[in-house]
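Enquirer: Any chance you can model this:
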Amino acid sequence: MALTPLQQRGHCTKYQRISFHGQGSSSPRRAHAVRVPRHAGATAGGEREGEAPLLDAPWVATPPVQQVFLNETVTGDEFAVVVKRLKESLAAALALYLPLAGNLDYVEENRQRHRLVVDCSQPGVAFFETVAGSMEVACLLPQHDARVLPAPVMAVQATRLSAGMALGVSVHHAAGDGRSVVLFLEAWSSIACGGSWSSPVAVTKSLAPSHYAREAITVSHPGSDELAGDVLSKIAPKLPLANTYTTECYFSQHTRLARQTMVLGAADIRALKRRIDGLAPPPPPPAKPVSTFVAPSALCWTAFVQAKGLGAGDDTHLLFQVDLCARLRPPVGARYVGNCVRGCIASADDGELLGAAGLLRAARAVQAAVAEAVVAPLAGVGKWVQRLMGLPVARQLVVAGSPLFRMHHLADFGFGMPEGHRDGVPFEELQEQGFEEVEQQQ
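Expert: Numbers count the residues shown, from 1 in each chain. Here you go, the predicted structure:
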């Protein structure tokens, strides 16, 4: 991987940066730096673009958020033209989403306390190109090792396949949540479809700019800066080493688990909601409607308890995130780039989640956890990490993503919507399934 000047600063000499190399790729990756145009006005008068506040700190040790889009319409002869379009539109989009073009870094305040920052002094993103002879040997995600800071916020890879192409996008979670990634993909695909490559300024002017000012969070929680330092010291106590996973676990932690994709369509969700509502006795005031998030979460939770053969007497815990963009005072706004989610933990005795009424009890527990977070959005945020670390891992079920994240519909870069889309594709699973089966899991 070609290192940008920021990566070459090398102020972390104690640890050696380890790069991940794809398995069985039929041609080596070529890395190109996609630079942000000068008109972006990147960081006037300073090296640091901004601090990563309280809601960003918990994500510094997690692997990047990764998406892969598979498109069958791009033929081998068109690959070079498509890659050129992707690079040019990516540069223009990054001008609107500058933190994604930076490097996640930290500032040492004292020996016990650090602050996360996003360094945008030389904004750019590594863009990898490779060719795979078949899906059995393809590694579709870019090299993006963020275990040691400073680390690039984003990386992209275009892979030419025997039956199309794959576009892999990787974003460090400490720089933005799923909603931020959705906003960026929407802007990138809109610019790519605009066709005005000679004047990226004209294209970007028609798009609503993002913002990444953290004032709303610091105003809502006056002690957030100090608390962010405390959270960071618990999550990553050995900075610049942010993550102690081995290379194999860091990039392939999901491959050791059996995985099956189950699609719930709109009719399935409606039926599930009716089933949950039918289990409840009519209360005097109308109960809060079961949302599209709550219904499948409750179903997964009860299935989790049954599959493990758990019984009454011990608790299990459902972990998920709640969006706070519109719930902070003042609100951060819909175009905010960064993490604006807080962790929630819904807990219940295993026995309560068994039987016919278990689905209803699970739904009510999830609703109660959401309601608690909405009333006081930032209350107990710092203690959430400590509480999570004290829960037994075997009794945790994590729900990630949102039904509002329609990634598949946002990824039309001018050559049609992708035939397939996966979150964080496990490499071994792709080797077993092949392209055709992945396509069917839209």
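
Enquirer: Am I right that G313 is in contact with D349?
Expert: Yes - shown here, G313 and D349 form a contact pair, counting by C-beta atoms under 8 Å, at 7.1 Å. Heads up, the C-betas are built off the backbone N, CA and C, glycines and all.

Enquirer: So for these two, which residue has more residues nearby?
Expert: D349 (16 against 8; other C-beta atoms under 10 Å).

Enquirer: what are the phi and psi values for that one?
Expert: When read as degrees, to the nearest 10, the backbone of D349 gives phi -70, psi 140.

Enquirer: Please apply the same query to D105.
Expert: Phi and psi for D105, reported as degrees, to the nearest 10, are phi -140, psi -180.

Enquirer: do the same with H421
Expert: With angles defined as degrees, to the nearest 10, H421 sits at phi -150, psi 130.

Enquirer: so what's Q396 bridging to?
Expert: H317 (DSSP bridges).

Enquirer: Report the buried residues of the strand or helix carrying S347.
Expert: Taking DSSP states H and E as the definition, S347 sits inside strand 341-349. By neighbour count, with 16 or more other C-beta atoms under 10 Å as the criterion, the buried positions of strand 341-349 are V341, R342, G343, C344, I345, A346, A348, D349.

Enquirer: which residues sit in contact with the last one?
Expert: Yep, that's D349 we're talking about. Applying C-beta atoms under 8 Å, 6 or more residues apart in numbering, we find D349 in contact with A312, G313, D314, D315.

Enquirer: Of those, which is the most crowded?
Expert: Busiest of those [other C-beta under 10 Å] is D315, holding 14 neighbours.

Enquirer: Quick check: the residue lying closest to it once chain neighbours are set aside vs V81, distance?
Expert: With C-beta to C-beta, 6 or more residues apart in numbering as the criterion, D315 has its nearest non-adjacent residue at 4.9 Å, and that residue is S347. Relative to V81, S347 is positioned 53 Å away (C-beta to C-beta, to the nearest Å).

Enquirer: Then R395?
Expert: R395 is 51 Å from V81, by C-beta to C-beta.

Enquirer: between these two, which one's more packed in?
Expert: When R395 and V81 are compared for neighbours, R395 comes out ahead with 16 against 11, by other C-beta under 10 Å.

Enquirer: which residues touch the more buried one?
Expert: By C-beta under 8 Å, 6+ apart, the contact list for R395 reads L310, D314, D315, T316, H317.

Enquirer: switch the cut-off to 10 Å
Expert: Going by C-beta atoms under 10 Å, 6 or more residues apart in numbering, R395 touches F304, V305, K308, L310, D314, D315, T316, H317, S347, D350.

Enquirer: Give me the pLDDT value at it.
Expert: Turning to R395, the model gives it a pLDDT of 89.

Enquirer: List the beta-bridge partners for the residue nearest to the spatial centre of the chain.
Expert: Taking C-alpha atoms, centre = their mean, the centroid of the chain lies closest to V65, which sits 3.6 Å from it. Here V65 sits in beta bridges with V171, as judged by DSSP bridges.

Enquirer: Please enumerate the helices of this structure.
Expert: 79-94, 178-194, 200-205, 215-220, 224-235, 247-252, 266-279, 294-308, 358-375, 381-389, 407-410, 427-433, 435-439 (DSSP state H).

Enquirer: Reformat those helices as JSON lines; add distance to L161 and mean pLDDT.
Expert: Listed next are the helices of the chain as JSON lines, based on distance: least, C-beta to C-beta, whole Å; pLDDT from 0 to 100:
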{"stretch": "helix 79-94", "distance to L161": "9", "mean pLDDT": "92"}
{"stretch": "helix 178-194", "distance to L161": "20", "mean pLDDT": "90"}
{"stretch": "helix 200-205", "distance to L161": "29", "mean pLDDT": "45"}
{"stretch": "helix 215-220", "distance to L161": "42", "mean pLDDT": "68"}
{"stretch": "helix 224-235", "distance to L161": "37", "mean pLDDT": "79"}
{"stretch": "helix 247-252", "distance to L161": "20", "mean pLDDT": "48"}
{"stretch": "helix 266-279", "distance to L161": "31", "mean pLDDT": "93"}
{"stretch": "helix 294-308", "distance to L161": "32", "mean pLDDT": "93"}
{"stretch": "helix 358-375", "distance to L161": "40", "mean pLDDT": "93"}
{"stretch": "helix 381-389", "distance to L161": "39", "mean pLDDT": "78"}
{"stretch": "helix 407-410", "distance to L161": "18", "mean pLDDT": "73"}
{"stretch": "helix 427-433", "distance to L161": "11", "mean pLDDT": "35"}
{"stretch": "helix 435-439", "distance to L161": "7", "mean pLDDT": "32"}
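
Enquirer: Need these in a markdown table (columns: distance to R113).
Expert: Below are the helices of the chain laid out as a markdown table (distance: least, C-beta to C-beta, whole Å):
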| stretch | distance to R113 |
| --- | --- |
| helix 79-94 | 31 |
| helix 178-194 | 26 |
| helix 200-205 | 38 |
| helix 215-220 | 17 |
| helix 224-235 | 4 |
| helix 247-252 | 26 |
| helix 266-279 | 45 |
| helix 294-308 | 36 |
| helix 358-375 | 27 |
| helix 381-389 | 14 |
| helix 407-410 | 37 |
| helix 427-433 | 38 |
| helix 435-439 | 45 |
